[in-house]
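Asks: Whatever this is, show me its structure:
(one chain, ligands or ions: 1)
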Amino acid sequence: MKRLCIALCTAAGLFAALPASAQFQKPEDAIKYRKAAYTLMANHFGRIGAMANGRAPFDAKVAAENAELLTHLAALPAAGFIAGTDKGDTRAKPEIWSEADKFKAGMTKMQDEMGKLNAAAKTGDLAQLKTAFGAAAQTCKACHDNYRKE
Ligand code: ASC
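Replies: Alright, predicted model coming up:
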């Protein structure tokens, strides 16, 4: 787990330091990248959600591991929203680029709430996890409602 975290942190740091366009050869690559990041996020968020919603037994260690991963994964998708990637195999709406500041603010809010979820998970208290999970899920939903086609 520690080694995985170091690898992810290093990757996130490298990517943050590069211009987003430098990461991708083609627009499709950026679309694939951000979708892959969201797939991973949905998986790890879903594991916490199952515990928060009583569909799985609460295991504080598992919750904390997943929440920690989410703080790193949450840094990834933004880089995939480069210009020219509103077309192709994507449900991204053009408003992502025409309201770029608002979209970016939504992305930042989601990252902040994942950070709070991580802090809540580390307490080992299910009630705190539930509250933080709900707030984080709202930030996912807000962007889906505004920026994702049906
Ligand atoms: C999830 C998941 C999302 C969000 C969203 C919250 O578990 O995969 O995309 O929560 O449904 O409203």
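Asks: and the residue lying farthest from the centre of the chain, what does it touch?
Replies: Distance from the centre of the chain peaks at Pro57, with 23.7 Å (C-alpha atoms, centre = their mean). Pro57 is in contact with Met51, counting by C-beta atoms under 8 Å, 6 or more residues apart in numbering. Glycine gets a C-beta too; all of them are placed from N, C-alpha and C.
Asks: Quick one, grab the pLDDT at it.
Replies: Pro57 carries a pLDDT value of 98.
Asks: Make sure I have this right: it is in a strand.
Replies: No - counting by DSSP: H, G, I helix; E, B strand; the rest coil, Pro57 is not found in a strand; it is coil.
Asks: what's it sitting at in phi/psi?
Replies: phi -60, psi 140 (degrees, to the nearest 10).
Asks: what separates the residue nearest the centre of the chain from Met110, distance-wise?
Replies: The centroid of the chain falls nearest to Ala74 when counting by C-alpha atoms, centre = their mean (3.2 Å). Ala74 sits 6 Å away from Met110 when distances are taken as C-beta to C-beta, to the nearest Å.
Asks: tell me which parts of the chain are close to the ligand?
Replies: Within reach of the ligand by C-beta under 6 Å from any ligand atom, the chain has these residues: 42, 45-46, 49, 137, 140-141.
Asks: Among those residues, which pair sits farthest apart?
Replies: Gly46 and Lys141 (14.0 Å; C-beta to C-beta).
Asks: For the helix or strand containing Asp29, buried residues please.
Replies: Using DSSP states H and E, Asp29 sits within helix 27-52. For helix 27-52, the neighbour count (16 or more other C-beta atoms under 10 Å) marks 27, 30-35, 37-38, 40-41, 44-45, 47-49, 51-52 as buried.
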